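Peer 1: Based on what follows, work out the 3D shape:
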Amino acid sequence: MAKLSKAELKRKLKQKTGLEYERHVLLCVGANCQPEIAARTERFLHKRLNELGAKNRCHVTAVECLKLCRSGPIALVYPEGTYYCEVTPENCARIIDEHILQGKPVEEFAFATVPLMAAPVLQKPKSEASKMADDFKDAVEWDSSGGHSTGKVVEKVTETAKVKGHTAKATKDEPQFKVEGDKSGKTAIHKPEELKKTKK
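Peer 2: The predicted structure follows:
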């Protein structure tokens with residue numbers, strides 16, 4: 001069988017499901033899950049959804065195992081994550097009418113609900129600059145043309161700034177820090193990697 005490109009796969013999926021279905025039913029048709037009844041249930045599901053004009057509202061997938069193998073056929077309805085047992089064509093009719101079309105799980109046949117978790121928002125690890133910005137009064141040390149110095153952070157710089165003729169090209173994403181020397185009281189702007197926190 002010819003391999004399809006991603007665009008072709010997407011086009012085929014759209015033809016099959018419309019890409020706009022509200023629910024996805026996984027129906028176990030495995031050998032240990034009443035396969036004869038499951039086959040009738042699967043046919044009923046497709047037929048009933050077609051009759052109701054709801055084919056594009058629900059996608060049905062037959063699977064080999066949902067890891068239970070008892071009290072079958074077992075079905076799992078997403079996005080709610082509702083597990084159903086004994087999903088015969090007769091019981092399936094209620095699941096279609098009440099859950100798939102109205103969004104109300106049928107408690108009589110449901111035995112567990114395991115909803116999908118929202119995908120975590122991935123946050124970039126805090127840079128040293130951001131960590132240092134949490135406390136502007138950090139005691140720091142640094143090396144410069146004048147030698148080794150100690151002092152404190154007095155300001156986070158988030159835009160281009162000039163100090164003693166030196167231009168610091170800072171941004172919100174890449175801040176720099178204005179520091180004040182302990183002995184001289186003079187200020188300078190340094191990149192975070194040029195500064196080292198010290199205990200004071």
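Peer 1: Ramachandran coordinates for Ile100?
Peer 2: Taking degrees, to the nearest 10, you get phi -60, psi -40 for the backbone angles of Ile100.
Peer 1: Kindly provide the distance from it to Leu49.
Peer 2: Relative to Leu49, Ile100 is positioned 8 Å away (C-beta to C-beta, to the nearest Å). Bear in mind the C-beta positions are built from the backbone N, C-alpha and C, glycine included.
Peer 1: Now do the shared contacts for those two.
Peer 2: When contacts are counted by C-beta atoms under 8 Å, 6 or more residues apart in numbering, Ile100 and Leu49 have Arg57, Cys58 as shared neighbours.
Peer 1: Those two: which is more packed in?
Peer 2: Comparing Ile100 with Leu49 by other C-beta atoms under 10 Å, the one with more neighbours is Ile100, at 25 against 21.
Peer 1: wait, what's in contact with that one?
Peer 2: Each residue near Ile100 by C-beta under 8 Å, 6+ apart is listed here: Glu22, Arg23, Val25, Leu49, Ala54, Arg57, Cys58, Val77.
Peer 1: quick check: longest helix of the protein.
Peer 2: For the chain, the helix reaching the highest residue count under DSSP state H is reported as helix 35-51.
Peer 1: Quick one: distance of the helix or strand just after that helix to the chain centre.
Peer 2: For helix 35-51, the succeeding helix or strand toward the C-terminus, using DSSP states H and E, is strand 58-63. Relative to its parent chain, strand 58-63 has a centroid offset of 23 Å by C-alpha atoms, centre = their mean, to the nearest Å.
Peer 1: Would you mind giving the orientation angle of strand 58-63 with respect to helix 35-51?
Peer 2: Counting by axes from the mean of the first three to the mean of the last three C-alpha atoms, to 10 degrees, strand 58-63 points 160 degrees away from the direction of helix 35-51.
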